[in-house]
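1. With the sequence up front, the predicted model follows.
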Amino acid sequence: MVSLVLLLFGTQVLCSWAASHASEARAAFLSPPCNTTAAEEAADLALRQINADRREGYVLRLYRIFSVQEHPQEISSSAFYLVLDVVDTECHVLSKKLWKNCKARPAHGTVYGQCKAIIYINQARNIAHLNNYECILQPVPPRYIWSVCPDCPVDDGPTEPKYLEAAVQSLAKFNEESEQAHYFSVLNVTRASMQWVIGPAYFVEFLIQETSCSKNDTIADISKCKPLSLELAQIGFCKGSVANSDLEHEQFVTISCEIYNLQDPATEEGKQQAKQTPGKSSQSHQQAFPSETNPFSPYLEKTVGSVKILPASTEDTYFQRLPESQTKRKDGKPVLPEAVGSTSTLDGQKTQVDKSDLTNPVTGPVILPFPEELSLSDSCPGEAKEVNSILQPLLPKKYTKV
């Protein structure tokens, strides 16, 4: 009997301790409205840095702020824990273009999803640092596209041989007409679709790489040309199409390409702007990047993140229900990803904003695990940044626990 009483007492104490720490953890976070200037600026900076960190895929564009939580820290600084609804654009990430300068794709070509991100912003020290991010995307289910636009092309597997052939054919037109010093070859097809017009028409987007073959030489087979090393080569992004006319027995080819010099210092300007804190010009902002002269640099962990693209689903997949981790709690619900490279762990104490000046000893940001509960603000999720008739039905009006 005594053992049973002790067991019940111990269980009650443990539950009380766990509830107390969970309450303290929640108390560390504020839930600012999703439509505030601070939330908009944090989302903008986070998305800029997510795009700047990537080497594959398309620039992601902000569609809506789904949730924002703020952890205030010393010297006018805060860590923001964001859940952002995003769509991809027509810009490849190698273009280094800012997301606001990239055109959203047509509704039928939308790839959508969510990004979770933790960004630390220190206004006093001119620092905006993305700690980590995780994005999960997927194409809009085909049935939504066909219900609105039955004749619209639907994205297909870009690795199929017919699309590589279309890319090679359209690139031949570019090589013939361009004023580049060397021929280019197809690096890989990044997006592809097919539509029947007056015959099969193939639409492709693909990367190209500069080769060692000079345009001054007559080259019978460009596939035999050796690509230059990435340290020397220019990389391009092309959009091409090959339409076959069964009536006229002709082939119509179109091509447009942008060429990027990955070693061009000018491309770093986009990254500099991506790290820029609100209200600072790219010229005056000097401490967005960790450097030896910045005493805060040793405390900023390298950004860690990933973007995963799921296949098109036949079911409705709401943003907040996308799989976030293979790990699950005992109750079967997914565990939200924890901060990678955290400089401290949760100790149950709420960090207060330090009003002292910059002469105090430098300490690193406090990055807590990503909170399981989303924003408590009634204004979250925020308003959509643009109208997308196909995507809108897939968006829940308010977060509900699953």
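-> Cool, the structure landed. None of these values were measured; they are calculated from a predicted model.
2. measure I255 to R105 for me?
-> Here I255 is placed at a distance of 19 Å from R105 (Cβ to Cβ, to the nearest Å). Backbone N, C-alpha and C define where each C-beta goes, glycine included.
3. more crowded one of these two?
-> The neighbour comparison of I255 against R105 (other Cβ atoms under 10 Å) goes to I255, with 21 against 18.
4. Now do the host helix or strand of that one: which elements does it pack against?
-> Secondary structure from DSSP states H and E places I255 in strand 250-260. Contacts defined by 3 or more Cβ pairs under 8 Å, 6 or more residues apart in numbering; DSSP states H and E place strand 250-260 against helix 161-177, strand 235-245.
5. Helices of this protein, start to end?
-> 2-27, 37-53, 142-148, 161-177, 267-274 (DSSP state H).
6. pull the CA atoms of the strand holding I255 into CSV?
-> The C-alpha coordinates for strand 250-260 follow below in CSV (Å, rounded to 0.1, in the frame of the first residue of the first chain):
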residue,chain,number,x,y,z
GLU,A,250,6.9,21.2,-89.3
GLN,A,251,8.6,21.7,-86.0
PHE,A,252,8.6,25.0,-84.2
VAL,A,253,11.4,25.6,-81.6
THR,A,254,11.7,28.4,-79.1
ILE,A,255,14.4,29.2,-76.6
SER,A,256,15.3,31.9,-74.1
CYS,A,257,18.3,31.7,-71.7
GLU,A,258,19.9,33.6,-68.9
ILE,A,259,23.6,33.2,-68.3
TYR,A,260,25.1,33.4,-64.8
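7. Would you mind listing the buried residues in that strand?
-> 255, 257, 260 (16 or more other Cβ atoms under 10 Å).
8. before we move on, what about stretch 44-61?
-> 44-54, 57-61.
9. likewise stretch 106-122?
-> Quick answer for stretch 106-122 (16+ other Cβ under 10 Å): 107-122.
10. close enough to count as contact, P72 and L30?
-> Yes: if you go by Cβ atoms under 8 Å, P72 and L30 touch, sitting 6.7 Å apart.
11. that older thread, which pair in the buried residues of stretch 106-122 has the greatest spatial separation?
-> H108 and N122 (42.2 Å; Cβ to Cβ).
12. burial count for V387?
-> 8.
13. Output the buried residues of strand 250-260 as JSON lines; include the columns pLDDT.
-> Below are the buried residues of strand 250-260 laid out as JSON lines (pLDDT from 0 to 100):
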{"residue": "I255", "pLDDT": "98"}
{"residue": "C257", "pLDDT": "97"}
{"residue": "Y260", "pLDDT": "92"}
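14. Go through the residues you listed and name the one nearest V68.
-> Y260 (33.0 Å).
15. Any figure for the gap between that closest one and K239?
-> Y260 is 15 Å from K239, by Cβ to Cβ.
16. and if you look at L394?
-> Per Cβ to Cβ, L394 is found 26 Å from K239.
17. Which pLDDT value goes with the closest residue to V186 other than its chain neighbours?
-> Excluding its sequence neighbours, the residue lying closest to V186 (Cβ to Cβ, 6 or more residues apart in numbering) is A167, at 5.0 Å. Predicted confidence (pLDDT) for A167: 97.
18. residue contacts, A167?
-> Contacts for A167 (Cβ atoms under 8 Å, 6 or more residues apart in numbering) come out as 186, 189, 204, 206, 238, 240.
19. which residues does F206 form a beta bridge with?
-> V189, C238 (DSSP bridges).
20. on that earlier part again, what's the strand holding I255 in contact with?
-> Strand 250-260 has contacts (Cβ under 8 Å, 6+ apart) with 94-96, 169-171, 173-174, 178, 180, 208, 234-245, 267.
21. sorry, back to before: between the buried residues of stretch 106-122, which sits nearest K162?
-> G109 (18.9 Å).
22. wait, isn't that closest one in contact with D155?
-> Yes: counting by Cβ under 8 Å, G109 touches D155, with 6.8 Å between them.
23. what's the overlap in contacts for the two?
-> Contacts common to G109 and D155, judged by Cβ under 8 Å, 6+ apart, are S193.
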